[in-house]
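Participant: give me the fold of what follows.
(4 chains)
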There are 4 protein chains.
Amino acid sequence: MSNSFGTIFRITTFGESHGVGIGVIIDGCPAGVALEASHIQAALDRRRPGQSDLTTPRKEADTVQVQSGVFEGLTTGTPISLFIPNADARSDDYSHIAHAYRPSHADYTYDAKYGRRDYRGGGRSSARETAARVAAGAVAAQLLAHFGVTVRAYVSAVGEIEVPVGYEELDLRLIDSNLVRCPHPETAAAMEARIRAARDAHDTVGGVITGVALGVPLGLGEPVFDKLPAVLGHALLSINAVKGFEFGSGFAGTRLPGSLHNDAFYTDEAGRVRTRTNHSGGSQGGISNGQDIYFRVAFKPVATLLQPQQTINDQGEAITLAGRGRHDPCVLPRAVPIVEAMTQLVLADLLLRARANRL
Amino acid sequence: MSNSFGTIFRITTFGESHGVGIGVIIDGCPAGVALEASHIQAALDRRRPGQSDLTTPRKEADTVQVQSGVFEGLTTGTPISLFIPNADARSDDYSHIAHAYRPSHADYTYDAKYGRRDYRGGGRSSARETAARVAAGAVAAQLLAHFGVTVRAYVSAVGEIEVPVGYEELDLRLIDSNLVRCPHPETAAAMEARIRAARDAHDTVGGVITGVALGVPLGLGEPVFDKLPAVLGHALLSINAVKGFEFGSGFAGTRLPGSLHNDAFYTDEAGRVRTRTNHSGGSQGGISNGQDIYFRVAFKPVATLLQPQQTINDQGEAITLAGRGRHDPCVLPRAVPIVEAMTQLVLADLLLRARANRL
Amino acid sequence: MSNSFGTIFRITTFGESHGVGIGVIIDGCPAGVALEASHIQAALDRRRPGQSDLTTPRKEADTVQVQSGVFEGLTTGTPISLFIPNADARSDDYSHIAHAYRPSHADYTYDAKYGRRDYRGGGRSSARETAARVAAGAVAAQLLAHFGVTVRAYVSAVGEIEVPVGYEELDLRLIDSNLVRCPHPETAAAMEARIRAARDAHDTVGGVITGVALGVPLGLGEPVFDKLPAVLGHALLSINAVKGFEFGSGFAGTRLPGSLHNDAFYTDEAGRVRTRTNHSGGSQGGISNGQDIYFRVAFKPVATLLQPQQTINDQGEAITLAGRGRHDPCVLPRAVPIVEAMTQLVLADLLLRARANRL
Amino acid sequence: MSNSFGTIFRITTFGESHGVGIGVIIDGCPAGVALEASHIQAALDRRRPGQSDLTTPRKEADTVQVQSGVFEGLTTGTPISLFIPNADARSDDYSHIAHAYRPSHADYTYDAKYGRRDYRGGGRSSARETAARVAAGAVAAQLLAHFGVTVRAYVSAVGEIEVPVGYEELDLRLIDSNLVRCPHPETAAAMEARIRAARDAHDTVGGVITGVALGVPLGLGEPVFDKLPAVLGHALLSINAVKGFEFGSGFAGTRLPGSLHNDAFYTDEAGRVRTRTNHSGGSQGGISNGQDIYFRVAFKPVATLLQPQQTINDQGEAITLAGRGRHDPCVLPRAVPIVEAMTQLVLADLLLRARANRL
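Facilitator: Numbers count the residues shown, from 1 in each chain, chains lettered A, B, ... in the order given. Have a look, this model is predicted:
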């Protein structure tokens, strides 16, 4: 049950890091959405490994195959199957971890839960699974485009280096103008240096990604349990390495008095209802209010290190794990399209769900 | 669909702030769990209004009625229906907001989504709905007790006033020793003063609640989308006024290098697998690893103020909303049992789900 | 999980035969549907016990209480809670079955599954639970009325006595013109005599209910697993005592050659697509095609008898069970509103689901 | 949403008749089940086209690829992806139906629902989709084998030709001893002749499949909505061409008096609870009681004919549709493994669900 997400626009992913490939089935996409493989490939290219010296050297073309659900360039309302073959899967790279429990990885918990695991490259627990999410997100993005919704994300912190201004003061078209995917050029340069320093120290570094959704229609999000931020939080907290989520004023907002935190309503010249501030982050009572949706997602430092670590094997014996494998010193630049994808999937689903609320 | 939560241990809540009452149906509780109304009532008494001068003066006994699913003191495996009548529902108190959109409340978004709303006391969007969650959480707690799982939460920050140490240095038995539900007595006193100051200023204040789950078995949480922290985040972000969630090292952990953040495994004297640190917060790869689960939840300041506010009515006209109504200056003390309840509901559900994973 | 039905228009029932009462929560009903308690009560009155000498003498007013989700005569989009108190619950009537396994009842299987049961009146397994379904069906009927959909059911066979013509040759307004709810007056008279003969012989009799849905829009039903007849079959086979379901030409249709079974398309004078025959029963590929939907549902004879029966107790010992209790000699007349309700619930849900299929 | 089935053991199918291929993702299969591609292939071989002169001449090897979820011959608890490439997909065969609505096919309803369709070979509405179900059923069968459950189905009627005895008087090992899959050799011979006669007349013929599940543990099936026969009925009514479902005594049982229909309990020599008759079909109150589960499924005659038919095109104009294409004169022999697969899927799911009912 755990490999599906969404209620109406619903995805199911499958595949392991070193198996035949990974993929996703999208069920519930309405008929009539324009969809080409190129839409999906463009998203995958932003996530794929080996795209710069800041990322893992594993070489994966991540070429998507559209297997069903599209006919003559339009979705048909039937399930859309997307498959991404694994190309550069060197299983022998991983024999050294067949019996080791890598610190802060899922080796131990998978063994405890299932009694066995595909240890090659982390198997199902590998972040390679997120390629399937990015592919599905690209389909959601095509649906959202019909309704004028745009989702963007960017790296707002790497370690202690933070973008000094809010999203509304940034030119989001600059996100892809540098390797780190930060639209504040000076900060981006510092971040790149910080990541290279971590890499050179055989260490890793974490950070924060900020996400923004523009043009979200009024009324998305379901009261009570499936409030927009709750479903969005679920989606983002399900990404490998994520440790926290806050939207609107977030944790900082807990220090404001209510009189300053409340967002005063007014009617603008066009007759639209607006708020003078947006501490609510575009959601009130769990339902979108027409303002921008924005949020922050915390990523821990990558757990795979190029230095030896003390740990145990599956017999409980103390061992020293040598630093090996191909990995990213910082996951943030490649996580930007993943954050976008999960946000797109949530909004597409809530958009379809909202249709059933009124006669 | 949005009024249910959980996959196997599944709850559905109903009811409005000023209707006949509120309630919850619990479907999927195994047969044979010892359950008395008193277990539920004890939890409700910690959430009910009017319990101290720090909370709303609305008087609600919140007396629970167990309507089904229990026979001779044990659950039968059939749905458990819990009903809590509304006693002190003064609907005339709310006629002034029938057409007003209160800032940072859900009046506007409900109207936008549904075309109408029960405006009395906020109707369905009122935090009164959380009484039903607390009642359900008490049932989950009875189930968890069978497996040795204990969940506790406490107020760790009110505005800028924070508990200076981590949960592991606190005596959690002191949580209910003061009105604010903070087990650090000196900080508790400062928090109480801070809340009274907000109340006297006709303002409100937010804060942070820390939650801890002890004794959680290995293997809870589903890979990929229903990771333990993702489902927990969903649950907690669905509570009224919540703006953020982080677990383990959280946002602060993004600043640590991987070499310090990784939790080294070792085998203790009893032969159990442990980690020397617990930045992971008891979850690796989304699955519980036997260490303590801990997390933080951010609550914004209460949106209802005893001071006039500028806003609009449902015709889009600017109006001044007078400060009225019965409300809390700070929601944190009463939110402690809600955070516990949602955590209990998540763990009960994941515990039942985990049973299907192995032959 | 098993006490809910529906995907978007979703109901959850609770309650036992001899507890406080029974009820249902309806989640997902759109806002703006006109709903009064009287709509629901009228449906319940057709199902309630004691309505004629053909039914059980148990006296239940089955008075519904609308507890939430309706404001000023219209649904609000929030959960609708309906509660029906048990009035004439004589628990002492059932002490004789506390340890007995009644033949063809659920006593044994509940004990086997749950390790315990509320034996009073059959507890949760009692057909009393269907009162909650009928109440929910009345809400679905109000929603369907907006879209011009009408659902009717009638008794088409009691034992070997069958209505000799199809539904299209009957005046369905005559359904409630006799106690047995059969719109073919001569057959109805014979059926009544048949039921009284069974009652006088301290025996029981089964039969068939035919259901018809008129005005169903094109496009309801989901391809593959949730085909309209599949979901409808699921709903009807979940009613106590049901043993079979067939739609359109059903089992008899298996004997026709394809050349006679196929429904030829034509365009009528109004330009609408029609079929010359309707062996398909209004569904092709699982999707409604605008023709009438019709089906038949088989009910076994009531298992409770007023004569002694050989059986065992919960220790596995052979016992003779005396004939006692209040029950129906034939469940068919009271099952008509249940069949209608389940059909209404299915169509309401499929109607809301269909909205998500096109942009 | 409609392309998934099951709650815990949950499958999602995808693919069209003339696309790249079809497939299925199985989520929720426990870890540790022995699984080889050969298990799945054996099931597919019984369903595949071209296996005899009684079936369609379309040649499909239906070779399955296991893409994930299995490691070293055992399931790992992660999703199992099975893919079956389409080999003999002659799309040009179908250009003549691009704009025609074939009688009693889904062409018209798909167009009405989605506004477009992949017309090649019926696209998603083709029974080719059931290959994915058969593949998934083979995995369910491996799980069921652990618990001693066996599922068998056979053709019990072709047109008016019926097996004269019940399943308990047949040797089910003879099912595959003839082309028609009927374990009653004399009847099988008559059925084969009947099918060849239909084929030679350029017509088609329907029939009935009987299914049996042996060794089903006590306690499978959920009370109220997900009763074992209700879920099973849902599954079987979702198969293409199915028009009816009955279990146990079925429609015929409606004519028995209760005193003859009731199944008397007794304790056998081994101390097990048994019933002297089995009109209940192995389910009481929707829960398995340890007796054999048996049921009948009605299949209409195949709608594709090798003779001209009157119909309309997508402009509503009357046309004559020539008889073309490759199809089966009778679907029954190839439907036997589909009925088995759906039954296996239902039982595997209910078996896993039942685990959550007791502490």
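
Participant: in stretch A:35-49, what's buried?
Facilitator: Of all the residues in stretch A:35-49, those buried under the rule 16 or more other Cβ atoms under 10 Å in any protein chain shown are A:Leu35, A:Ala37, A:His39, A:Ile40, A:Gln41, A:Ala43, A:Leu44, A:Arg46, A:Arg47, A:Arg48, A:Pro49. Where you see a C-beta, it was placed from the backbone N, CA and C, and this is true even at glycine.

Participant: going by distance to B:Pro217, which of the residues you listed wins?
Facilitator: A:Arg47 (34.6 Å; Cβ to Cβ).

Participant: ok, that closest one to A:Phe245 distance?
Facilitator: 20 Å (Cβ to Cβ, to the nearest Å).

Participant: now swap in A:Ser259 and tell me
Facilitator: On the measure of Cβ to Cβ, A:Ser259 and A:Phe245 end up 26 Å apart.

Participant: same check on A:Leu260?
Facilitator: In terms of Cβ to Cβ, A:Leu260 sits 23 Å off from A:Phe245.

Participant: more neighbours: which of the two?
Facilitator: It is A:Phe245, of A:Leu260 and A:Phe245, that has more neighbours when counted by other Cβ atoms under 10 Å in any protein chain shown, with 31 against 13.

Participant: check what pLDDT the residue of chain A positioned farthest from its centre gets.
Facilitator: Most distant from the centre of chain A: A:Glu269, at 36.8 Å, with distances by Cα atoms, centre = their mean. pLDDT, A:Glu269: 95.

Participant: secondary structure element for it?
Facilitator: Using DSSP states H and E, A:Glu269 sits within no helix or strand.

Participant: and it, its phi and psi?
Facilitator: Phi and psi for A:Glu269, reported as degrees, to the nearest 10, are phi -60, psi -30.

Participant: kindly report the residues of the stretch 101-250 of chain A close to chain C.
Facilitator: Within the stretch 101-250 of chain A, the positions lying close to chain C (Cβ under 8 Å from any Cβ of the partner chain) are A:His146, A:Pro223.

Participant: mind listing the helices for the stretch 101-250 of chain A?
Facilitator: A:107-114, A:130-145, A:185-200, A:228-237 (DSSP state H, counting those that start in this stretch).

Participant: among the ones you listed, which comes closest to C:Phe299?
Facilitator: Nearest of the helices of the stretch 101-250 of chain A (Cβ to Cβ): helix A:228-237, 42.5 Å.

Participant: what is the burial count for the closest residue to A:Ala141 other than its chain neighbours?
Facilitator: Counting by Cβ to Cβ, 6 or more residues apart in numbering or on different chains, A:Ala141 lies nearest to A:Gln344, which is 4.9 Å off, once chain neighbours are set aside. Residues lying near A:Gln344 (other Cβ under 10 Å) number 30.

Participant: one more: A:Phe5?
Facilitator: 25.

Participant: with A:Asp200 instead?
Facilitator: With other Cβ under 10 Å as criterion, A:Asp200 counts 10.

Participant: and the pLDDT for it?
Facilitator: 94.

Participant: A:Asp92 now?
Facilitator: 64.

Participant: with adjacent residues omitted, what lies nearest to the residue of the stretch 51-200 of chain A found nearest chain B?
Facilitator: Nearest residue of the stretch 51-200 of chain A to chain B, counting by Cβ to the nearest Cβ: A:Ala106, 2.4 Å away. Excluding its sequence neighbours, the residue lying closest to A:Ala106 (Cβ to Cβ, 6+ apart) is B:Gly285, at 2.4 Å.

Participant: what count of nearby residues applies to the one you found?
Facilitator: Neighbours around B:Gly285, by other Cβ under 10 Å: 25.

Participant: of the buried residues of stretch A:35-49, list those near chain B.
Facilitator: Restricting these to those near chain B - Cβ under 8 Å from any Cβ - leaves none.

Participant: what's the closest of the residues you listed to C:Glu160?
Facilitator: A:Leu35 (57.6 Å).

Participant: closest residue of the stretch 201-350 of chain A to chain B?
Facilitator: A:Gly285 (2.4 Å).

Participant: A:Arg116: neighbour count?
Facilitator: For A:Arg116, using other Cβ under 10 Å, the count is 18.

Participant: measure the nearest residue to A:Leu232 once chain neighbours are set aside to A:Ala356 for me?
Facilitator: Leaving aside its chain neighbours, A:Leu232 sits nearest to A:Val346 (5.0 Å; criterion: Cβ to Cβ, 6+ apart). Distance from A:Val346 to A:Ala356, counting by Cβ to Cβ: 17 Å.

Participant: likewise for A:Ala270?
Facilitator: 29 Å.

Participant: picking that back up, out of the helices of the stretch 101-250 of chain A, deepest packed?
Facilitator: Across these, averaging neighbours per residue (mean count of other Cβ atoms under 10 Å in any protein chain shown) puts helix A:228-237 on top, at a mean of 28.

Participant: hey, C-alpha coordinates of it in PDB?
Facilitator: Extracted C-alpha coordinates of helix A:228-237, given in PDB (Å, rounded to 0.1, in the frame of the first residue of the first chain):
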ATOM      1  CA  LEU A 228      -3.400  21.300   1.800                       C
ATOM      2  CA  PRO A 229      -0.300  21.800   4.000                       C
ATOM      3  CA  ALA A 230      -0.800  18.400   5.600                       C
ATOM      4  CA  VAL A 231      -0.900  16.500   2.300                       C
ATOM      5  CA  LEU A 232       2.000  18.600   1.000                       C
ATOM      6  CA  GLY A 233       3.900  17.900   4.200                       C
ATOM      7  CA  HIS A 234       3.200  14.200   3.800                       C
ATOM      8  CA  ALA A 235       4.500  14.300   0.200                       C
ATOM      9  CA  LEU A 236       7.700  16.200   1.000                       C
ATOM     10  CA  LEU A 237       8.500  14.300   4.200                       C
END
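
Participant: average pLDDT across it?
Facilitator: Here the average pLDDT along helix A:228-237 is 98.

Participant: contacts for it, please.
Facilitator: With Cβ atoms under 8 Å, 6 or more residues apart in numbering or on different chains as the test, helix A:228-237 has contacts from A:5, A:211, A:220-222, A:242, A:245, A:247, A:281-283, A:286-288, A:293, A:295, A:297, A:339, A:342-343, A:345-346, A:349-350, B:225, B:227, B:229-231, B:233-235, B:237-238, B:242-243, B:245.

Participant: what helix or strand is A:Tyr266 on?
Facilitator: Going by DSSP H and E, A:Tyr266 is part of strand A:265-267.

Participant: any idea which helix or strand comes after that strand?
Facilitator: Counting by DSSP H and E, what follows strand A:265-267 is strand A:273-275.

Participant: whether the following helix or strand past that following strand contacts chain C - can you check?
Facilitator: Where DSSP H and E defines the elements, the next helix or strand beyond strand A:273-275 is strand A:283-284. No: Strand A:283-284 stays clear of chain C (Cβ under 8 Å from any Cβ), getting no nearer than 16.0 Å.

Participant: and after strand A:283-284, which helix or strand comes next?
Facilitator: strand A:287-288.

Participant: please save the CA atoms from the helix or strand just after that following strand in CSV.
Facilitator: Per DSSP H and E, the first helix or strand lying C-terminal to strand A:287-288 is strand A:293-299. C-alpha atoms of strand A:293-299 as CSV (Å, rounded to 0.1, in the frame of the first residue of the first chain):
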residue,chain,number,x,y,z
ILE,A,293,1.8,28.9,-1.5
TYR,A,294,5.4,28.7,-0.1
PHE,A,295,7.2,26.4,2.2
ARG,A,296,10.6,25.1,3.3
VAL,A,297,12.0,21.6,3.3
ALA,A,298,15.0,20.4,5.4
PHE,A,299,17.4,17.9,4.0
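
Participant: ok, strand A:293-299: who's next to it in the sheet?
Facilitator: strand A:207-214 (antiparallel), strand A:242-247 (antiparallel) (DSSP bridges).
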